[in-house]
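> I'll drop the sequence and a predicted model, then ask my questions.
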Amino acid sequence: MEKDTSFLFSGITFDRKKFARDFARFQEKKESDNQPKLIENENPEIEQVTSARVDKKRKRKAPLSDPVEGFTLFKSSKSKAVNEEPDQHEDEILQGKKEYHRQLERDALFRKKHNIHVSGSNIPSPLQNFAELQLRYSCRSYLLRNLAELGFKEPTPIQRQAIPVLLSGRECFACAPTGSGKTFAFVCPILMKLKNASKDGVRAVILCPTRELAAQTARECKKLIKGKKFYIKLMTKQLAKGADFSKLPCDILISTPFRLQYAIQKRKLDLSKVEFLVLDESDKLFELGLVEQVDAVVKACSNPSILRSLFSATLPDTVEELARTIMHDAVRVIIGRKNSASESIKQKLIFVGSEEGKLLALRQSFAESLNPPVLLFVQNKERAKELYNELKYDDIRADVIHADLSQIERENAVNNFRCGKTWVLIATDVISRGMDFKGINCVINYDFPDSAAAYIHRIGRSGRAGRSGEAITLYTEADVPFLRNVANVITASGCEVPEWIMSLQKKKWKKHRPQRESISTKPEDEE
Ligand SMILES: Nc1ncnc2c1ncn2[C@@H]1O[C@H](COP(=O)(O)OP(=O)(O)OP(=O)(O)O)[C@@H](O)[C@H]1O
């Protein structure tokens, strides 16, 4: 068609001078032709843009046009348009401002409803639902499909706010209760931003304080990428010692600080292209013993446009201050009250007098009602072994996990507990953070936790993802001076504590690890 048309006009030279008057009429008609079209336009936004364009065209064309019939009409309408333009523009700005403020109000109400507290500048609106991931951020369908398969219907409060913050390219430190879905809150933006697999070096690093948590996070990532190719690597001992990192395709690397520092320093692992660094259980990572290794990793992630984020259920002020020194224009997201326990856990304090009383109380409680799975926390690995030796011949399926076991023994202990082979798992704090055992009915603090943060994380192994749970904390005379700190956490999450405990003096409490009598009831020579 086009060819035909050009053929029709080829070789014809239009005599503009001779037909100036007629030509001008066509010009005029053409312009006025536009006007009803604009009015017909159903979309007011498009209308504004189109009319602005036409006005611009007019402005540019006007000096070129010859004086024609109807010029005055054009002139008057044009001069009107010129007069109107600033008003219209101001109007648009005003409307824009009004809409912006209305949106801020809506966001504030929505955040209040979901107990989301934020600070920082220009914080993106929280997610109303998962569909917004696609509407606002063009999320790929594989991820939405996997979410649906995992049964995630609604975003949790931390997901509603932290995901848009990270997707809008802002750094973030976040504090949300145990079991509230923080893992997906940081993995989702990473997957969305990385878009596709690449063999271009490590692009994201997730640091976890323990191997068990690192392995769990890697497993969760793999569930989320089902049907999509991504290279997700867990830094195992073998990988750290034997891999050729220059050839290893890796989009997301999940590791403990120790193994990653080893790989950086001894195996020349290059992290200069890392775009995302997540410090999960960040307050633990900033504790003495880990902070130097974390520092080495932070330094190795030298990409100037890296996005760093910190997540935990407990975020002491000291960690926040430290975080501020390394982060740029970060957004702070707190769900509920900072450093509080999950509200879905029924918490109790039980006085047992002495160490001997503890074992009696435990045996009695198991005899009356044992509702597995039960997680039992003790102060150190020696006590874990002792308690295991006491319970292993009782008629309950007990197992133990602590740092003296080999990697494979630790994995077996976790897996047997996960699948229900073990009813009671005796543990040190090695699994108190982040581990997601579905449906733990009861956490028993056989030994009083060494800090309020440890208490929050330990009991947070139950009552996850909105489920209910129970936490029992045994205490002896030696623990009384430290009761008040834990009692504060208990009352803040809506559970009751005897009045006399609330009237105890608050204690400035670093680590409470009293010398405890042995758990073992066997005579020493027999041992
Ligand atoms: N939107 C959601 N809907 C339903 N379940 C979810 C959702 N997001 C996460 N979960 C589930 O909730 C559980 C807890 O999630 P996750 O382990 O990420 O919690 P967390 O906040 O990191 O806890 P912790 O502080 O103990 O590390 C997991 O089993 C996870 O699959």
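Here it is on my side, so go on.
> show me the contacts for the spatially closest residue to residue 448 that is not a sequence neighbour.
Nearest non-adjacent residue to residue 448, counting by C-beta to C-beta, 6 or more residues apart in numbering: residue 479, 4.1 Å away. (Glycine included, C-beta is placed from N, CA and C.) Listed by C-beta atoms under 8 Å, 6 or more residues apart in numbering, the contact set of residue 479 reads 448, 512, 514.
> how about residue 479, secondary structure?
helix (DSSP: H, G, I helix; E, B strand; the rest coil).
> and stretch 392-400, which residues are buried?
396-400 (16 or more other C-beta atoms under 10 Å).
> Show me the residues you listed that map onto strands.
Residues from the buried residues of stretch 392-400 lying in strands, with DSSP state E as the criterion: 398-400.
> separation between residue 453 and the ligand?
As defined by C-beta to the nearest ligand atom, to the nearest Å, residue 453 lies at a distance of 11 Å from the ligand.
> quick one: that residue is in a helix?
Yes: the assignment for residue 453 is a helix, going by three-state DSSP.
> what about the helices in the stretch 251-400 of the chain?
Counting by DSSP state H, counting those that start in this stretch, the segments of the stretch 251-400 of the chain that form helices are 257-267, 282-285, 291-300, 317-326, 355-368, 381-391.
> Not counting its own residues, what contacts stretch 127-139?
110, 141, 143-144, 147, 152-155, 159-161, 163-164, 167, 188, 192.
> Any regions of the protein where pLDDT drops low?
1-86, 508-510, 522-527 (pLDDT under 70).
> Can I get the buried part of the contacts of residue 479 as one PyMOL selection?
Selection of buried members from the contacts of residue 479 for PyMOL, criterion 16+ other C-beta under 10 Å:
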select buried, resi 448+512
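> Can you tell me which of the contacts of residue 479 is nearest the ligand?
Each of the contacts of residue 479 was scored against the ligand by C-beta to the nearest ligand atom, and residue 448 proved nearest at 20.2 Å.
> was I right about that closest one contacting residue 485?
No: using C-beta atoms under 8 Å, residue 448 is not in contact with residue 485, being 10.3 Å away.
> The buried residues of stretch 392-400: which ones sit near the ligand?
Filtering those for proximity to the ligand by C-beta under 6 Å from any ligand atom leaves nothing.
> want to throw these into TSV with distance to residue 87?
TSV is the format used below for the buried residues of stretch 392-400 (distance: C-beta to C-beta, whole Å):
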residue	distance to residue 87
396	81
397	79
398	79
399	77
400	77
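> Which pair in these has the greatest spatial separation?
396 and 400 (12.8 Å; C-beta to C-beta).
> Let me see the backbone angles for residue 469.
Backbone torsions for residue 469, taken as degrees, to the nearest 10, come to phi -160, psi 180.
> what's across from it in the sheet?
residue 345 (DSSP bridges).
> Please give the number of neighbouring residues around residue 428.
Residues lying near residue 428 (other C-beta atoms under 10 Å) number 20.
> May I have the secondary structure class of the residue in the stretch 401-527 of the chain that the ligand sits nearest to?
The shortest separation between the stretch 401-527 of the chain and the ligand is 3.3 Å, found at residue 465 (distances taken as C-beta to the nearest ligand atom). Under the three-state scheme (three-state DSSP), residue 465 adopts coil.
> Excluding chain neighbours, what is closest to it?
residue 179 (5.6 Å).
> for residue 153, same thing?
residue 130 (7.8 Å).
> separation between that neighbour and the ligand?
8 Å.
> for residue 460, what are its contacts?
Counting by C-beta under 8 Å, 6+ apart, residue 460 has contacts 177-179, 313, 341-342, 345.
> For the protein, what lies in contact range of the ligand?
Contact residues (C-beta under 6 Å from any ligand atom) of the chain with the ligand: 152, 155-156, 159, 176, 178-184, 313, 434, 436, 460, 464-465.
> Point me to the residue of the stretch 201-350 of the chain nearest the ligand.
Taking C-beta to the nearest ligand atom, the stretch 201-350 of the chain has residue 313 as its residue nearest the ligand, at 4.0 Å.
> my guess is that residue meets residue 181, correct?
No: the criterion here is C-beta under 8 Å, and residue 313 misses it with residue 181 at 11.5 Å.
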